[in-house]
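> Here is a sequence together with a model predicted from it:
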Amino acid sequence: MKKQLKIRDLTLRDGQQSAFATRMNQNQVDRVLPYYKEAGFYAMEVWGGAVPDSIMRFLNEDPWERLESIKNAIGDSSLLTALSRGRNLFGYNPYPEEVIEGFNRNAIKSGIGIMRIFDALNDVDNMKSTIKYVKENGGLADCAVCFTVDPKFSKSQRLKSIFSGKKLPKKIFTVDYFVRLAKELEAMGADMISIKDMAGLINPSVSGQIISQMKKEIKIPIDFHTHCTPGYGLASVLNAIIKGVDIVDTNIFNFSGGPAAPAFELIQLFCNKLGIETGVNLEAVVKINKILKTVREELAEYDSNKMFPIEFDITKDTLPPHIDKLFDEAILYARQDNEEKLLQTVYAIEKYFNFPEPDAQVKFAEIPGGMYTNMLSQLKQLKLDQLLPKVLETVPIVRVASGCPPLVTPTSQIVGVQAVNYVIDINKGVPPYTTKSTQYVNLVKGVYGKTPIPVDPDFREFICGHKEEKPYDTSKYKKQNNPILSEFGDVKLAENEKEELLLELFPAVAEPFLKKRKEDDYYTKINEEKERNQRKYEEARKAFQNLSPEEKEKRLMDGLYNYKWTTFDL
């Protein structure tokens, strides 16, 4: 019996979010769904992340309807997956239990089979509630351990720490750290564990070590998720497969590579050589990929990459002998743990298929691509982009001071913004941290949860005005205002639980979205009523015309018909 590897397809959520700013509309999604039903992926990530916000904000579409339409089309051929941030769901602050319960119950009722749960601080306490409610409602709790790297200090920063007597932290994010988290989550009821590397910073050697250790100590399935931005993605996935991972996350060809996850087709080619069965219908995948190319052309204005992979049909195209040989060599180097040669070989494979080259800046800086570009954009707006090297040098200082949070959404952006503020303050001649974002203050305060290392109480007092940690108090949570819209027939802005949840989770976006929906519904009803009355009028007039002159006169006298019809031939 062949070894099995399950594939989670990310194309319709993480794929389009990473590469095309989450701009796929319902029509574009609908075009690929019949073939996804045939494809039979183990799971399809289709919801959560930026999808609910973006489709309301930019496409005027209902997130719940998006999910339910996909479920109706896919049925039970694949499990549908969503992504949420534990107690924080989609925001920064933790939500009260009733919001967490309502969201997860409705998500599963609308079609989600697997809820991937992560916390930006890897604080497992922030994941407890979601695990509980997902399982109570019949879903699978996929608990993600967010991968990150240790702060990268310069030589001068290390020397300065020695002379100042302030020690820099030792290795924090070791293999043991990630395995320990996974064991805690397994004990809390996780149905599977995902190594979630949103920045693509996990290199093949580390991915192999983590998967090997987890397979020894964790009894539930292990999923591996990464991106290709700095160039590790495909090689790290291959190494995870070699080390026995149960599930890997991929995108279909035209939505893969670069800032997105590796291509399913390349993983399938490796599996063919390894004698591993994925159970995916490749003919259906080819059909999906053709449609995705058209969709990608339609999304050209959001395509930051612009590089299309070569035309490749995995069901019939054969590779040139020298490229086919590269796949064999990559497998050999992965088995030998020869990372340098493995990466060189994988880069040659990706170059043949015309995937983007590794982002050298992100690879060197060891920070997420989105964080890098946001910091650069922030500086360019102020015409201070020459300060970027200093900002990159400041990131580890700001990060360590705030408890060394993982560089994942949203903490990567919080740290990045504060690093820019820090350098700009110095550039202005004022003390660092003169300018502080609310989110950074809340991070240091403890609002978002426990950081991987404790925040120095003196630094917390300097930033927040008090030494003690102050977690977010959900008892002070205030529900969003849900007014009655008198101008649209006295309906509530949010008329049911799902709309109320949109209002709670995305208030700034959901309010105008729901208001526009109520306006559209109101005028649609008015127009429908006008059309109904017009039809009745025409039917009555036609019936009147068919009457005899005597009957017409009698009906008119009895008031059964309108006298304006007396202009008709009596």
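Happy to help now that I have it. Numbers count the residues shown, from 1 in each chain.
> Restrict whichever strand or helix holds Ala82 to CA atoms and write it as CSV.
Of the helices and strands defined by DSSP states H and E, Ala82 is found in strand 79-84. Below are the C-alpha coordinates for strand 79-84, written out as CSV (Å, rounded to 0.1, in the frame of the first residue of the first chain):
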residue,chain,number,x,y,z
LEU,A,79,-13.6,19.6,4.0
LEU,A,80,-13.9,23.4,4.0
THR,A,81,-11.4,25.3,6.1
ALA,A,82,-11.4,28.7,7.7
LEU,A,83,-8.8,30.7,9.6
SER,A,84,-9.3,32.7,12.7
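> buried ones in the helix or strand that comes right after that strand?
Tracing the chain past strand 79-84, the next element assigned as helix or strand by DSSP H and E is helix 97-109. Applying a neighbour-count criterion of 16 or more other Cβ atoms under 10 Å, one finds Val99, Ile100, Glu101, Gly102, Phe103, Asn104, Arg105, Asn106, Ala107, Ile108, Lys109 buried in helix 97-109. From N, CA and C alone the C-beta is placed, and that goes for glycine too.
> Please list all residues in contact with the fourth one.
Neighbouring residues of Gly102 by Cβ atoms under 8 Å, 6 or more residues apart in numbering: Glu497, Glu500, Leu501.
> before we move on, the earlier item: same list (the buried residues of helix 97-109) but as JSON lines, adding pLDDT and distance to Ile424.
Shown next, in JSON lines, are the buried residues of helix 97-109 (pLDDT from 0 to 100; distance: Cβ to Cβ, whole Å):
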{"residue": "Val99", "pLDDT": "96", "distance to Ile424": "36"}
{"residue": "Ile100", "pLDDT": "97", "distance to Ile424": "37"}
{"residue": "Glu101", "pLDDT": "98", "distance to Ile424": "42"}
{"residue": "Gly102", "pLDDT": "97", "distance to Ile424": "41"}
{"residue": "Phe103", "pLDDT": "97", "distance to Ile424": "38"}
{"residue": "Asn104", "pLDDT": "98", "distance to Ile424": "41"}
{"residue": "Arg105", "pLDDT": "98", "distance to Ile424": "45"}
{"residue": "Asn106", "pLDDT": "98", "distance to Ile424": "43"}
{"residue": "Ala107", "pLDDT": "98", "distance to Ile424": "41"}
{"residue": "Ile108", "pLDDT": "98", "distance to Ile424": "45"}
{"residue": "Lys109", "pLDDT": "98", "distance to Ile424": "47"}
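> Out of those, which is nearest to Ser475?
Taking Cβ to Cβ as the measure, Ser475 sits nearest to Val99 out of the buried residues of helix 97-109, at 13.2 Å.
> Distance check, that closest one against Ala360.
42 Å (Cβ to Cβ, to the nearest Å).
> which regions of the stretch 301-450 of the chain lie under the pLDDT threshold?
For the stretch 301-450 of the chain, applying pLDDT under 70 flags no range at all.
> what would the buried residues of helix 97-109 look like in JSON lines with distance to Ile70?
Listed next are the buried residues of helix 97-109 as JSON lines, based on distance: Cβ to Cβ, whole Å:
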{"residue": "Val99", "distance to Ile70": "24"}
{"residue": "Ile100", "distance to Ile70": "23"}
{"residue": "Glu101", "distance to Ile70": "23"}
{"residue": "Gly102", "distance to Ile70": "21"}
{"residue": "Phe103", "distance to Ile70": "18"}
{"residue": "Asn104", "distance to Ile70": "18"}
{"residue": "Arg105", "distance to Ile70": "18"}
{"residue": "Asn106", "distance to Ile70": "15"}
{"residue": "Ala107", "distance to Ile70": "12"}
{"residue": "Ile108", "distance to Ile70": "14"}
{"residue": "Lys109", "distance to Ile70": "14"}
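> nearest to Phe153, of those?
Ile100 (37.8 Å).
> which stretches of the stretch 151-300 of the chain form strands?
192-196, 222-225, 247-250, 276-277 (DSSP state E, counting those that start in this stretch).
> Other residues contacting the first one?
Contact with strand 192-196 is made by 114, 116, 118, 140-147, 178, 182, 185-186, 202, 207, 210-211, 214, 218, 220-226, 240, 246-247, 249, 408, as judged by Cβ under 8 Å, 6+ apart.
> what do you get for the third one?
Outside of strand 247-250, the residues that reach it under the criterion Cβ under 8 Å, 6+ apart are 5-10, 14, 42-43, 45, 192, 194, 221-226, 237, 240-241, 256, 261-264, 267.
> Kindly recompute the last result at 7 Å.
Residues outside strand 247-250 that contact it (Cβ atoms under 7 Å, 6 or more residues apart in numbering) are 5-10, 42, 221, 223-225, 237, 240-241, 256, 261-264, 267.
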